[in-house]
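Asker: Return a 3D structure for these sequence lines:
(one chain, ligands or ions: 1)
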Amino acid sequence: MMKKELKIKSNKTNQQKQKRTNPLANVFDDFIDFCQSKSLFMLHYCTGCGAIELPPAMTSRFDMERLGIQPMVTPRQADILLVTGYVSVKTLKRVILTYEQMQAPKYVIGICSCTVNGGMYWQSYATAKKLNEYMPVDVYIAGCMPRPEAVLEGLNRLKNNIKNDRKEQKGSAWKDYYKNYDYYLGNQQNLFGKEWQTPVDVIAEAKLYGLEGEGTYGENTKKLKMVQHPLLPQEMKL
Ligand code: SF4
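Answerer: Predicted coordinates for the structure are as follows:
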């Protein structure tokens, strides 16, 4: 709960920090970005074979925790969503549900060539090809499969992006999901069918964060409104 409040405050800070004129406030904002980059919880969604590189990256030889990154088992408290390889169409639905449950600011890392362009599954009818068509991706770590050194390099790059977000605007890819929701939703509908919906009200979140843009609404959000209905728990049958 505490972390949630902190994150909401930090989002407000993100929106305000462009307007600041007080140099002390700028120092404070830089300090917040620095702290955020040093303490990241990572949800690793082990979709493909690249996941096998995570145990060595986490354990004593490479020791990911010394970078201030540790695994987290729930999306609601995670900062990073790590997608570790090819994503089947069925799995992608769960990856999107997981991503939408994470609180902003949130970051996505795609490990393996399969998340970049489909990799060796580029012709497969059952596999999503480009992860960034369905959610914003902050860092890709290419390779089949990338070694733990490459995984740590990718994590370090993300940390630097978060730390220098104010100067370089590289750590704000998550805002794109709200600003261009219609684009992402359209790609999701093309893959999953026009009835596709999730329990998260993304448009309401975009309003909350002040991130509504021209791309938030469009043909695809209109289609969503027409089919949207309250999601009910499924009946259990033995
Ligand atoms: S890039 Fe290679 S190792 Fe990674 S998920 Fe695809 S096939 Fe597996």
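
Asker: Quick one: mean pLDDT for stretch 142-155?
Answerer: For stretch 142-155, mean pLDDT rounds to 93.

Asker: ok, and does it reach over to the ligand?
Answerer: Yes: judged by Cβ under 6 Å from any ligand atom, stretch 142-155 comes into contact with the ligand at 144-145. Heads up, the C-betas are built off the backbone N, CA and C, glycines and all.

Asker: Distance check, Asp79 against the ligand.
Answerer: Asp79 sits 23 Å away from the ligand, going by Cβ to the nearest ligand atom, to the nearest Å.

Asker: can you pull the pLDDT of Ala128?
Answerer: The model reports Ala128 with a pLDDT of 92.

Asker: Likewise for His229?
Answerer: 77.

Asker: just Lys163 next, same as before
Answerer: Value listed for Lys163 in the pLDDT field: 88.

Asker: Find the nearest non-adjacent residue to it, please.
Answerer: Ser37 (4.1 Å; Cβ to Cβ, 6 or more residues apart in numbering).

Asker: so who does that neighbour touch?
Answerer: Shown in contact with Ser37 (Cβ atoms under 8 Å, 6 or more residues apart in numbering): 68, 159-160, 162-163.

Asker: mind listing which of these are in helices?
Answerer: Among the contacts of Ser37, the members falling in helices (DSSP state H) are 159-160, 162-163.

Asker: picking up where we left off before, present the contacts of Ser37 as CSV; the columns should include distance to Ile109 and neighbour count.
Answerer: What follows is these, written out as CSV (distance: Cβ to Cβ, whole Å; neighbours: other Cβ atoms under 10 Å):
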residue, distance to Ile109, neighbour count
Gly68, 15, 15
Lys159, 11, 22
Asn160, 13, 14
Ile162, 12, 23
Lys163, 16, 19
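
Asker: The residue nearest to Lys163 and Tyr181, how far apart?
Answerer: 26 Å (Cβ to Cβ, to the nearest Å).
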